[in-house]
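Participant: this one's sequence-less:
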DNA sequence: GCTCGCTGAGAGACCGGTTTCTCAAATGAC
DNA sequence: GTCATTTGAGAAACCGGTCTCTCAGCGAGC
């Protein structure tokens, strides 16, 4: 009679032994050695007489023994797990970071715990602290927490790695994107196509990346490279870009630099509905290079942010920290200019 | 002088005590009670004299004590964590399942471990078994493992919940999509618009969902509802749909039922390049309703699969299993017909 | 006033590993 | 052949909790 919840086939010869998951004690007993010896054999620690080792391994195999990760975690003080906290799992940006991190950590035998803060600042802190206790380290992607809170939390969360956010005056490694360089590349591209009147569709005012991009734009414009920079308040979503299409036409600009790809998509769609042809009448650029940027009509010229590299490199830093090394701080990744069909000559 | 790796400000008054993370023993000592009592107070178990409880809580607060999740996991035999194994984190389908699951499990105080098998069948088994040992249960999304292997593994992985995959003759709960119903809705919609010549862009032959969709199509066609069903081998990616656009035009069909949204996007793009107008000349439908389906030009009519509901309900089943209850098996979710701009009257 | 029963809290076993400490046996040196 | 040194393996402490068992102390009942 099976003891477990689920009975197998109802035949008497197949009485599955309850098999209460093999423990190191059972293996030790079966092999006639001490638990310490089993542990040594399983971990290849110290030396064990070949004959004994063979007996232990045979017993382990027979009992289908595998050491309990939980017990090891407690004894060793490490879980071989790290946590990733993201504000919004639906954001393609974070999805790619998640992928890169998961892949890289997995190759080094580490598991990944994910938690979503749903853009709730207060949840972020609780989640991170809670997660840290069951993991060896924390990766915070675009944390919304104020810097002061983050600075206060940093020692508690260490080893800590930041993605898409910096924390000056600390030794917390951060991986972020050089928005300024990306914007400069986009503008240079547009200038080389002959555009002289460019409108920026601004992101959320509170967004640090929006400030970075705008500052870079203003900076380039001030360098006297002979073009006029306009600005329209917009947002971060498709709908924002869509809504502002009419105004874009009104500005008489020949090129649009959108805050991000989503806004660019919205603008593209809005302009299409207004009968404005892209790129013949107006050129459009995005930022991020989310997967779908390749698939719009026309495909989107954008600054390609190496998001999976961000995730991968975040693991690199984390790994260093876990090994007690210090990790380089403040790495910036320069986006790659990805020219596609949404930009063309100003005089086309 | 600070003992930890990172020294704080270099001032003598701020000698942070090493603070070796408070344990239950320290709290017990500080409060002058036994460890058992601290445990009772922290968990609200049994009754403790109010005066003692207050003393314990004060000591806990003073020491910033929080019980170690790892130690609790070992003692209690549960981790309050479940694992999600997906073949491909980049697939929007799995992203939404991840979100739904993460959110629902989080609300019940459970954490989520994610692992990606990268479509490698052999990795899938190893990952799942390994993950199961550090978690209380496993959710497998679209597992690629053959049913026999899955059946063999099921007792090992239990509690186990399947998403987008069924396992007949077992008591493993599964959440899946009623592809047939979705296809029937799409066809009914197209028929009501007057289409009488419909071409199906087939997915990968090995895909079970492709077989389901095709079978439903053939079934509807055989019911004599007065339309002609054509078929083109295609694939699952944007490029597949894009490549087949010319052939679509060649068939003379007035409507396209694509295997999924990605293929529909590809076809949309290909037809656009050929100067064929959608929906005026040809109507197109997708399947899945991935986030970007709303944002194409024109927006895509599709069968909206409630992917986050899949994730949410997967947690529902898992929760039941964790509580020792039995969970309903084989739940099917009927996609919702989402009519957008990519379909129109046949005679337009 | 004494016993019975209940309540509250401590002692200690346990979860399943790792690791230090200890000691017996084997090896090597002289 | 004897003693010092190395090697191999067991005993036991430990990681940080939970929980059963036990018992002291108290109020109720006769």
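Facilitator: Ah, there it is. Owing to the predicted nature of the structure, the values given are computational and were not obtained by experimental measurement.

Participant: give me the beta-bridge partners of residue A:114?
Facilitator: Note on residue A:114: beta-bridge partners by DSSP bridges are residue A:84, residue B:112.

Participant: what's near enough to touch it?
Facilitator: Shown in contact with residue A:114 (Cβ atoms under 8 Å, 6 or more residues apart in numbering or on different chains): A:83, A:84, A:85, A:86, A:89, A:98, B:98, B:102, B:112, B:113, B:114. The C-beta positions use only the backbone N, C-alpha and C, and glycine is treated the same way.

Participant: in JSON lines: these, plus distance to DNA strand D.
Facilitator: Formatted as JSON lines, those follow (distance: Cβ to the nearest atom of the strand, whole Å):
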{"residue": "A:83", "distance to DNA strand D": "18"}
{"residue": "A:84", "distance to DNA strand D": "24"}
{"residue": "A:85", "distance to DNA strand D": "22"}
{"residue": "A:86", "distance to DNA strand D": "28"}
{"residue": "A:89", "distance to DNA strand D": "30"}
{"residue": "A:98", "distance to DNA strand D": "30"}
{"residue": "B:98", "distance to DNA strand D": "29"}
{"residue": "B:102", "distance to DNA strand D": "25"}
{"residue": "B:112", "distance to DNA strand D": "22"}
{"residue": "B:113", "distance to DNA strand D": "21"}
{"residue": "B:114", "distance to DNA strand D": "26"}
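
Participant: quick one: which of those residues is nearest residue B:312?
Facilitator: Nearest to residue B:312, judged by Cβ to Cβ, of the contacts of residue A:114 is residue B:102 at 9.8 Å.

Participant: relative to helix A:92-107, how tilted is the one helix or strand that closest one maps to?
Facilitator: Assigned by DSSP states H and E, residue B:102 falls within helix B:92-107. Going by axes from the mean of the first three to the mean of the last three Cα atoms, to 10 degrees, helix B:92-107 is angled at 80 degrees with respect to helix A:92-107.

Participant: show me what helix B:92-107 is packed up against.
Facilitator: Using 3 or more Cβ pairs under 8 Å, 6 or more residues apart in numbering or on different chains; DSSP states H and E, the elements in contact with helix B:92-107 are strand A:111-116, strand B:81-86, strand B:111-116, strand B:137-141, helix B:307-322.

Participant: give me the contact list for it.
Facilitator: Under Cβ under 8 Å, 6+ apart, the answer for helix B:92-107 is A:89-90, A:95, A:114-116, A:118, B:82, B:84, B:86-89, B:111-112, B:114, B:139, B:141-142, B:163-164, B:288, B:290-291, B:305, B:307-316, B:318.

Participant: deepest-packed of the helices and strands packed on helix B:92-107, please.
Facilitator: Burial of the helices and strands packed on helix B:92-107 is given as mean neighbour count (mean count of other Cβ atoms under 10 Å in any protein chain shown); strand B:137-141 ranks first at a mean of 27.

Participant: is the following helix or strand past that one in proximity to chain A?
Facilitator: Using DSSP H and E, the helix or strand that follows strand B:137-141 towards the C-terminus is helix B:147-157. Yes - Helix B:147-157 is in contact with chain A by Cβ under 8 Å from any Cβ of the partner chain, via residue B:155.

Participant: residue numbers of the stretch 1-150 of chain A in contact with DNA strand C?
Facilitator: Residues of the stretch 1-150 of chain A found near DNA strand C (Cβ under 7 Å from any atom of the strand) are A:21-25, A:35-36, A:38-40, A:42-43, A:45, A:65-68, A:70-72, A:74-76.

Participant: try 10 Å this time
Facilitator: Residues of the stretch 1-150 of chain A lying near DNA strand C by Cβ under 10 Å from any atom of the strand: A:20-28, A:34-43, A:45-46, A:49, A:65-78.

Participant: list buried residues within these.
Facilitator: Those of those that meet the buried threshold are A:22-24, A:26-28, A:37-42, A:65, A:67-70, A:72-74, by 16 or more other Cβ atoms under 10 Å in any protein chain shown.

Participant: from those, which land in helices?
Facilitator: Mapping those onto helices (DSSP state H) picks out A:24, A:26-28, A:37-42, A:69-70, A:72-74.

Participant: now the helices: where do they sit in chain A?
Facilitator: In chain A, the helices defined using DSSP H lie at A:24-31, A:35-43, A:50-63, A:69-76, A:92-107, A:121-134, A:147-157, A:179-192, A:208-222, A:238-243, A:245-251, A:261-273, A:307-322.

Participant: okay if I get those as a markdown table plus mean pLDDT and distance to residue B:153?
Facilitator: Below are the helices of chain A laid out as a markdown table (pLDDT from 0 to 100; distance: least, Cβ to Cβ, whole Å):
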| stretch | mean pLDDT | distance to residue B:153 |
| --- | --- | --- |
| helix A:24-31 | 92 | 22 |
| helix A:35-43 | 92 | 23 |
| helix A:50-63 | 90 | 18 |
| helix A:69-76 | 96 | 18 |
| helix A:92-107 | 92 | 20 |
| helix A:121-134 | 92 | 26 |
| helix A:147-157 | 92 | 36 |
| helix A:179-192 | 96 | 46 |
| helix A:208-222 | 92 | 44 |
| helix A:238-243 | 95 | 42 |
| helix A:245-251 | 96 | 53 |
| helix A:261-273 | 94 | 41 |
| helix A:307-322 | 94 | 29 |
